[in-house]
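1. When you get a sec, could you give me coordinates for this:
(one chain, ligands or ions: 2)
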Amino acid sequence: MLKTKTSDDKLDTLLSRSAVPIIDLAHCGTEEVPVKSVVNRVGHQLQKALSEKGMALLVNHGISDEKLKTAWDHLDDFVDLEADVKQLYIRSDGDNHGYVSPGNERFDGKTPELRHAFNICTLNVQNLPEEPLPGFTDHISALANDFKALASFILQALAVSLDIPPTFFLEKHSRMMSGDHDNMTTLRMLYYPPIVDDEPGHGQNEVIKGRCQYSYQRCLSDQPDFRPERNPLEDEPDNMQTNGKDAEMSEHKLPNGEVIRCGAHVDYGTFTLLAQDSEGGLEVKLPGSEKWTRVGHLPGAILVNCGEILSIWTRERYPALQHRVVIPEQEHIRSRGRHSIAFFCHPDNITMISPNDLPQTDAEQSTTCLKQRKKSFKAAKER
Ligand SMILES: O=C(O)CCC(=O)C(=O)O
Ligand SMILES: [Fe+2]
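-> Ligands and ions are numbered 1, 2, ... in the order given. Next up is the predicted model:
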């Protein structure tokens with residue numbers, strides 16, 4: 001009893017350090033017909049969380065930890081296959097589906113990324129590595145369907161939050177996981193290998209080539225992690241850093257080159273659902289701030305963050321969240337591998353995105369009114 005209380009207290013303290021609002025989905029996030037009262041409550045909580053922070057942590061969402069961990073085991077097994085077998089599943093031009101090896105992507109436009117990714121845009125068996133990895137297809141298909149159901153729940157809650165008909169977004173996302181020619185929704189499995197600094201004298205390209213070899217490190221960390229933000233002025237009294245430089249203090253720079261786990265970017269879909277086995281360097285820029293903030297890690301929780309399309313649809317009421325994954329400063333953290341799964345929720349390709357689809361807020365209405373009054377006053381004066 002006491003033990004439970006103590007650990008609850010500890011968790012409360014940890015959660016109070018989190019920058020992210022936490023929303024409880026009462027275990028019905030993946031139900032085909034979710035309980036209406038829960039959708040309504042979550043809608044109201046999302047309204048506050050997304051407009052103020054651009055993100056929220058979902059708990060009791062309905063996707064079990066076991067399911068996520070088994071998916072990461074399958075990804076580990078895939079990454080461990082011989083290069084010529086992996087090559088059969090590589091992402092090809094003009095199609096987002098398939099495997100992407102380390103060093104091939106630069107989300108910030110310049111910095112190569114240290115991660116293995118497997119994009120799944122369709123559940124067509126031919127496009128999945130079932131032959132070398134029996135069981136892969138069934139497990140990943142079931143997981144993709146769970147994420148699709150969870151995304152449908154969030155789409156309904158979003159409609160509630162914006163005071164529009166509950167099926168408004170759902171109807172515009174009816175083709176999720178049918179292939180990126182119909183709908184760009186993607187389940188992306190990610191593995192970030194451990195980072196071990198090169199010894200002096202080793203070649204420049206070791207980081208991309210050598211250090212990204214697979215280490216067969218199954219997901220390890222399962223502890224809540226909300227370490228307080230480090231204050232550079234406290235740690236290095238002589239160092240007169242400005243605020244703008246805080247970001248660099250939480251990041252480890254490798255001596256032999258510019259690489260990152262995932263460069264700074266915003267997702268371009270409606271929203272993203274993100275599961276992770278440890279934080280491993282995930283940082284965000286909260287709306288209106290230029291400072292990188294650590295997200296922290298709550299085991300089993302799924303982060304939802306706004307993408308560009310939702311930001312356009314809502315006239316930035318729900319701003320797209322800038323994020324990145326840096327190489328963690330602490331040696332014991334960066335020398336651990338990290339797994340994540342991102343579900344990028346996109347509208348059907350034929351959908352027209354217009355902010356005029358959504359009713360305006362009172363503030364927006366009065367700005368529009370004022371603009372119209374000024375315009376007619378000017379016209380009357382000219383007449
Ligand atoms: O792995 C992560 O935590 C983030 C990945 C991400 O932001 C992306 O692939 O768009
Ligand atoms: Fe992203």
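2. State the distance from the residue of the stretch 51-200 of the chain found nearest ligand 1 to residue 99.
-> Distances between the stretch 51-200 of the chain and ligand 1 by Cβ to the nearest ligand atom are smallest at residue 190, namely 4.7 Å. Using the backbone N, CA and C atoms, a C-beta is placed for each residue, glycine as well. Residue 190 sits 11 Å away from residue 99, going by Cβ to Cβ, to the nearest Å.
3. cool, residue 302 as well?
-> Distance, residue 302 to residue 99, using Cβ to Cβ: 24 Å.
4. check contacts around the residue nearest to residue 98 when sequence neighbours are not counted.
-> Nearest residue to residue 98, sequence neighbours excluded (Cβ to Cβ, 6 or more residues apart in numbering): residue 91, at 3.4 Å. Counting by Cβ atoms under 8 Å, 6 or more residues apart in numbering, residue 91 touches 97, 98, 99, 100, 119.
5. ok, which stretches of the stretch 151-300 of the chain are helices?
-> According to DSSP state H, counting those that start in this stretch, the stretch 151-300 of the chain carries its helices in the segments 168-172, 232-235, 246-249.
6. Any regions of the stretch 101-250 of the chain where pLDDT drops low?
-> Residue ranges of the stretch 101-250 of the chain with pLDDT under 70: 197-250.
7. on that earlier part again, hmm, which two among the contacts of residue 91 are most spread apart?
-> Spatial extent of the contacts of residue 91 (Cβ to Cβ) is set by the pair 97 and 100 at 10.5 Å.
8. so what sits against both of these two?
-> Common neighbours of residue 97 and residue 100 (Cβ under 8 Å, 6+ apart) are 91, 119.
9. Dihedrals phi and psi, residue 324?
-> Note on residue 324: its backbone torsions stand at phi -160, psi 170 [degrees, to the nearest 10].
10. circling back to that earlier point, of the contacts of residue 91 - the most surrounded one?
-> Counting neighbours by other Cβ atoms under 10 Å, the top entry in the contacts of residue 91 is residue 99, with 21 neighbours.
11. wait, doesn't that one sit right on residue 86?
-> Yes: assessed by Cβ atoms under 8 Å, residue 99 is found in contact with residue 86 at 5.7 Å.
12. Next, show the common contact partners of these two.
-> Common neighbours of residue 99 and residue 86 (Cβ under 8 Å, 6+ apart) are residue 78.
13. just checking, which of the contacts of residue 91 belong to strands?
-> Using DSSP state E, the members of the contacts of residue 91 that fall in strands are 98, 99, 100, 119.
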